[in-house]
Every structure is written in C-alpha cells, then in structure tokens.
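Visitor: Task: produce atomic coordinates for the following.
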Amino acid sequence: MTERYDIRGLIFDLDGVLTNTSEFHYRGWQRFCDEEGIPFDRRRNEHLRGVSRADAMRWLLGDRSVTPGEFEEMLARKNRYYLQYLEELLPANLLPGARELLEQIRAAGLKIAVASASKNAPKVVRLLQIEPLLDALSDGNSIEESKPAPDLFLHAASQLDLPPATCVAVEDAEAGVLAGHAAGMRVIGLGPPRRVGRADLILPDLSEARLGTIMNKLLPIAPPA
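Guide: Residues are numbered from 1 along each chain as shown. This next block holds a predicted model:
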C-alpha cells in the first residue's frame, strides 16, 4: 500500500503570494532605473520576481561596470525608495484568501513560516499584522545564497523544527519553485503554468485555496488493499 506523505508545515513566499508588495518594488525599481538611464518596464520587472535585490541589480546593470561602493549605494537607494512606498501597506493588502488559508492551517495544528528573499520581510509582516499566525520567518538576512538555492526554505524548515520533506512551499516564481524542490519539498505554484509549471500543484492564486483541497491534491491516494 502506498503511504501518504506526512505534511506538517507550509512555508509561504511573501511578495506575490500573501501580499502584492511587488507593485512597490516595481515603483522603486522604475524610479531607480529612470535615474540611471536603464530601460525598465513591467515586462523586464518580471525577470526580478523571486530573486534577491543584489541579483536583481546585477541583472539590470548587465555588463555595466561599477565599484563595490557604487553597487552598495545603488542597493541602498533602491531599497530606500521601496521602503517609502511600503508605508502605504495595510492589513487590507493581504491578497484574497491569504488570511483565511493561514487561519485554516493554524486551526489544523500545522506550522506556518514565511520564507522571503526580501530583507524587509519582517516589516512587511508587521504592517500586514500576520505575526500571530506565523511560527517562523526567514528572510534575506537569514542566508547567504538566495533562491533558486534551497537555503531559504531549509532555514525556514529548521526554524519550524521540521524535516524539509514534511513541508510544502508556496511560491509564485520559477526561482522559488526550483528552490522548494531543491530543498526536498513539494511546491504549490501560484500563477500561470508557464511561470510555475514545475510545481506539484498549480493554482491561479489563494482566493479559492482551501487547506482540505490542497492536502487532498498533494497527498497520493493509497490503492485498495
């Protein structure tokens, strides 16, 4: 008889999964790129989804040469713009279905973590007022290698005191899907299949997500004895 997988925790990315701070990131990057004369639009912004600020900056700069000091100043400047826009964030900015799903997971006795490449994730969590629903938070300050490396999800699983194989990652970017699988987790991908097609379960978003349905779709059905 096939054994059911044991699911004890869910680990959520933040931007684009629980809330849409991606718009604030876009506005910050747009302002920075306008100042630097770097072509930027929403299509190019999609390349930055799920990656660290430093990796995003390297991609935008391309083969443009800057000193380490200039690079750090650019990172700080973009982050400053983002933080200015982020002050607009409210609990109402949780994406549809997000709070309901977190509450269902909490009621079921499963553990919950946020694993975000953003070093500003603690502030976002505070502004959304979801701290009481979380057991752990891993962010860009927690690890050296960002997604698609598995480090962020492995750190979150460690914080939850759970084996990675008992955790499910919830992601909206290809880099995050790859990171979750590299950590040995099953992955729920939110968004179009072309972006998250390697996920174990694909949903458009969390608006219709229910814990029972998710568990039934992720757990294999045992054949009759």
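
Visitor: Packing partners of the strand or helix carrying Leu60?
Guide: Under the criterion DSSP states H and E, the helix or strand holding Leu60 is helix 53-61. For helix 53-61, the elements it packs on are helix 22-36, helix 68-86, judged by 3 or more CB pairs under 8 Å, 6 or more residues apart in numbering; DSSP states H and E. The C-beta positions use only the backbone N, C-alpha and C, and glycine is treated the same way.

Visitor: Export only the CA atoms of it, formatted as CSV.
Guide: Provided in CSV are the C-alpha atoms of helix 53-61 (Å, rounded to 0.1, in the frame of the first residue of the first chain):
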residue,chain,number,x,y,z
ARG,A,53,17.8,42.7,-4.5
ALA,A,54,21.5,42.2,-5.3
ASP,A,55,20.9,39.6,-8.0
ALA,A,56,18.2,41.9,-9.5
MET,A,57,20.6,44.8,-9.5
ARG,A,58,23.3,42.7,-11.3
TRP,A,59,20.8,41.7,-13.9
LEU,A,60,19.7,45.3,-14.5
LEU,A,61,23.3,46.6,-14.7
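
Visitor: Which residue, other than its chain neighbours, is closest to Val66?
Guide: Met74 (7.1 Å; CB to CB, 6 or more residues apart in numbering).

Visitor: what's the burial count for the one you found?
Guide: 19 (other CB atoms under 10 Å).

Visitor: same check, this time on Arg44
Guide: Quick note: Arg44 (other CB under 10 Å) scores 16 neighbours.

Visitor: in what helix or strand does it lie?
Guide: helix 42-45.

Visitor: Return the set of buried residues in that helix.
Guide: Arg44, Asn45 (16 or more other CB atoms under 10 Å).

Visitor: contacting residues around it?
Guide: Contact with helix 42-45 is made by Ser22, His25, Tyr26, Trp29, Gln30, Leu60, as judged by CB atoms under 8 Å, 6 or more residues apart in numbering.

Visitor: The last one touches Gln30, doesn't it?
Guide: So that's Leu60. No - the criterion here is CB atoms under 8 Å, and Leu60 misses it with Gln30 at 11.2 Å.

Visitor: which residues are in contact with both of those two?
Guide: Phe40.

Visitor: Neighbour count: the two, which is higher?
Guide: Each of Leu60 and Gln30 has its neighbours counted (other CB under 10 Å); Leu60 has more, 21 against 17.

Visitor: Now do the same contact list for that one.
Guide: Contacts of Leu60 (CB under 8 Å, 6+ apart): Trp29, Cys33, Ile38, Phe40, Arg44, Leu48.
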